[in-house]
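*Asks:* Just to be clear, the model below is a prediction. Sequence and coordinates:
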Amino acid sequence: MPMRLGSERPELTGATQWFHEDQLPADLSDKYVLVHFWAVSCHICHETMNDLIKYRDQYKEHGLQLVGVHFPRYEADTNIDKVQEDIAKYGITHPVAIDNLHKMAESFQNEYVPAFFLFDKEGKLFFRTAGDRGFEKLQPKIEQVLGLTQA
């Protein structure tokens, strides 16, 4: 069963490796957190990455913290060199967890890429979605949780 709205944000533990972990605040309380599950073999992930990076930069000053979770769908996705190539290609400077053992995906009750989990300042799930159609709904929800638009 998927994670319900209002659920507590799971701990960001279980990663087999991190990239840009120094960009992850030690304390995420009082932050709006967007957790993004993606995979190097995911075409839609690549199509949406530039816009996601734009959102990261556009809403950072409003308190949005983006955390990527590379969630491999196939054995070939566990190749860290390919992940590093995508990190360089897309200019990913936010923290990225490598979830080769699927521990983070399990804690978020997630089985999709791309998938997006948006948490409010209290650490409660405000919005979740997946796929390209779901991505189309993400920016308005980011603006809503940040208080930049009317509900």
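*Replies:* Looks like it arrived, so ask away. Residues are numbered from 1 along each chain as shown.
*Asks:* okay, CA-based contacts and neighbour counts for the rest of this
*Replies:* Fine.
*Asks:* May I see the buried residues of the lowest-mean-pLDDT helix or strand in the chain?
*Replies:* Lowest mean confidence among the helices and strands of the chain (mean pLDDT, DSSP states H and E): helix 131-136, at a mean of 94. In terms of neighbour count (16 or more other C-alpha atoms under 10 Å), helix 131-136 has its buried residues at Asp132, Phe135.
*Asks:* next helix or strand past it?
*Replies:* Downstream of helix 131-136, the first helix or strand assigned by DSSP states H and E is helix 138-145.
*Asks:* quick one: that following helix to chain centroid distance?
*Replies:* In terms of C-alpha atoms, centre = their mean, to the nearest Å, the centre of helix 138-145 is set 14 Å apart from its chain centre.
*Asks:* coming back round to it: elements contacting the least confident helix or strand of the chain?
*Replies:* Applying 3 or more C-alpha pairs under 8 Å, 6 or more residues apart in numbering; DSSP states H and E, one finds that helix 131-136 contacts helix 43-59.
*Asks:* who's in contact with the helix it packs on?
*Replies:* 38-40, 64-66, 90-92, 113-114, 131-132, 135, 139 (C-alpha atoms under 8 Å, 6 or more residues apart in numbering).
*Asks:* Please apply the same query to stretch 87-101.
*Replies:* Outside of stretch 87-101, the residues within contact range by C-alpha under 8 Å, 6+ apart are 14-24, 49-50, 53, 66-72, 78, 86, 105.
*Asks:* hmm, try it at 6 Å
*Replies:* The contact list for stretch 87-101, computed with C-alpha atoms under 6 Å, 6 or more residues apart in numbering, reads 15-21, 23-24, 67-71.
*Asks:* which ones are touching the residue nearest in space to the middle of the chain?
*Replies:* Centroid check for the chain by C-alpha atoms, centre = their mean gives His36 as the closest residue, at 1.6 Å. Counting by C-alpha under 6 Å, 6+ apart, His36 touches Gly68, Val69, Ala115, Phe116.
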